[in-house]
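Undergrad: Below: sequence and its predicted model.
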Amino acid sequence: MAHSKQHSGFKGQDLRSQDRQHYLSNWSDKRDSRPTKLVNTSTVDNKTRFVFASTVNFDTTSDWEVIKRDISRCSDLKKPEHKRRYGQYVLSHQEVESDDVGDALALKAPSKNLLVQQTYSLMAHLEQMKQYINEARYTRLFADADEGFELGIGLVMKEQIAANKLYPVLVKAERNNASQMQDKRAWSEQVLLKHGVTMSDIKRAKVDRDKLVQISQQYWAAEMHKRSIESGSAKSEWLVHPFPKSRHSVQVKPLVGFHGAVSLSQLLSENLLDVSTYGVDNYFQMIRRRINMFERPITSATNSKRWNGYASYNPKWAVMIIEILRVYNNYVLTDEKSLRNKGLRQEPTTPAKKLGIADKKYTINDILDFTVASKIKNLQQGNQ
């Protein structure tokens, strides 16, 4: 299916977004109604919506029965986490991380297969992404504000960051537009007004890109000057983005230091102009809407308990379905609807073709034929 030819998308400046999504999975045990939480870490190309990887923290390939017997034999649960033989797995119900911040929903570890610690799952995902970052000339990675991303990206991607191949940025949207954020955003709008530009002009694309780059550089220069003359307690590393693509106030936090001959304002303007997590947000929305078992749980109006009516009863199938959807999105699903809504008469194409790793639009039958052929090849190699 994939071809070895390289596309300018790999060799140019890539815009990728990264986030994690939670799902709940039921189990068919009438004596225990607690669900199991799965976490899907995904990285998506913002321009083409190609999903490079979706890593779910659930191991379906290892022999879980043998591993659990070995865990019992070597008393792994009694050891500190850093001395365990199977430290990558969640070994008890007490070790399951909470569903969301401030959510007291009771959770449990699965009775079949193995739930992977979120830290190990994230590290594995970032290791997988290295190959794509190394292929590109330069990558801007916009990740959702998350402590795991902040620590993991700096640890796993340190060589790519040092080689100036990766510029990672955390993105945080203040959806409630708190008064403090409104004050910061008002200041940024005042800076733009000094240049005769309003936020409505930017959103309506009345300002060309070259002018926007120039204004962005001037804005960040003013922002840095404002910070340098402020006194008092230490200031946050979060910066207010001047060109939010929605009504929400947006803050950004670059995960790299600033050095070299390039000015700070120029570096910020070049890397933060197109900041957005649109790609991964759109993909996660597709998962929620297209697959019933991944819909958000329903909260009862009578007793405030959460009911997972459509959730699967085996996380193994959830992992498989997510991977099927990823392949379908990359190689089969075109942008026909988007083009039609915009009134454009371009030929619909798939993310894989846009990225240059496929030379045609594939169908479901093509995917099935490829899968069957791969299995036959693997069987033949095994017999040899």
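TA: Everything's here; your move.

Undergrad: Quick one: residues in contact with stretch 15-23.
TA: Contact with stretch 15-23 is made by 37-47, 52, 99-100, 118, 122, 139-144, 146, 148-149, 274, 276-281, 284, 287, 293-294, 311, 318, as judged by Cβ atoms under 8 Å, 6 or more residues apart in numbering. Placement of C-beta: from N, CA and C, glycine included.

Undergrad: Could you pick out the buried ones from those?
TA: 37-47, 52, 99, 118, 122, 139-144, 146, 148-149, 274, 276-281, 284, 287, 293-294, 311, 318 (16 or more other Cβ atoms under 10 Å).

Undergrad: In helices, which of these fall?
TA: Gln118, Leu122, Gly148, Phe149, Tyr278, Gly279, Val280, Asp281, Phe284, Ile287, Ala318 (DSSP state H).

Undergrad: who's Gln18 bridged to?
TA: Thr43, Ala143 (DSSP bridges).

Undergrad: Tell me which residues of the helix or strand hosting Leu212 come out buried.
TA: Here Leu212 sits within helix 209-229, counting by DSSP states H and E. By 16+ other Cβ under 10 Å, the buried positions in helix 209-229 come out as Leu212, Ile215, Ser216, Gln217, Gln218, Tyr219, Trp220, Ala221, Ala222, Glu223.

Undergrad: next one: stretch 19-30
TA: Asp19, Arg20, Gln21, Tyr23, Leu24, Ser25, Asn26, Trp27.

Undergrad: now stretch 119-130
TA: Here stretch 119-130 shows Ser121, Leu122, Met123, Ala124, His125, Leu126, Met129 as buried, counting by 16+ other Cβ under 10 Å.

Undergrad: go on, stretch 161-173?
TA: Buried, per 16+ other Cβ under 10 Å, within stretch 161-173: Ile161, Lys165, Leu166, Tyr167, Pro168, Val169, Leu170, Val171, Lys172, Ala173.

Undergrad: Just the residues contacting it, thanks.
TA: By Cβ under 8 Å, 6+ apart, stretch 161-173 touches 133-134, 136-146, 149-150, 153-154, 157, 160, 238, 244, 246, 248-256, 271-272, 275-277.

Undergrad: Check those residues for burial and list the buried ones.
TA: Judged by 16+ other Cβ under 10 Å, buried ones among the contacts of stretch 161-173: 133, 136, 139-146, 149, 153, 157, 160, 244, 249-256, 271-272, 275-277.

Undergrad: Now, those residues that are in strands?
TA: Here DSSP state E is the test, and these give Thr139, Arg140, Leu141, Phe142, Ala143, Asp144, Ser249, Val250, Gln251, Val252, Lys253, Pro254 as lying in strands.

Undergrad: Is Arg49 in a helix, a strand, or coil?
TA: coil (DSSP: H, G, I helix; E, B strand; the rest coil).

Undergrad: That one and Ser72, how far apart?
TA: 45 Å (Cβ to Cβ, to the nearest Å).

Undergrad: what do you get for Leu272?
TA: Distance from Leu272 to Ser72, by Cβ to Cβ: 51 Å.

Undergrad: what are the ranges of the strands in the stretch 51-200 of the chain?
TA: Along the stretch 51-200 of the chain, counting by DSSP state E, counting those that start in this stretch, strands occupy 51-56, 58-59, 114-115, 138-144, 166-174.

Undergrad: Output those in JSON lines, with distance to Tyr328 appended to each entry.
TA: Output for the strands of the stretch 51-200 of the chain, formatted as JSON lines (distance: least, Cβ to Cβ, whole Å):
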{"stretch": "strand 51-56", "distance to Tyr328": "10"}
{"stretch": "strand 58-59", "distance to Tyr328": "20"}
{"stretch": "strand 114-115", "distance to Tyr328": "26"}
{"stretch": "strand 138-144", "distance to Tyr328": "24"}
{"stretch": "strand 166-174", "distance to Tyr328": "27"}
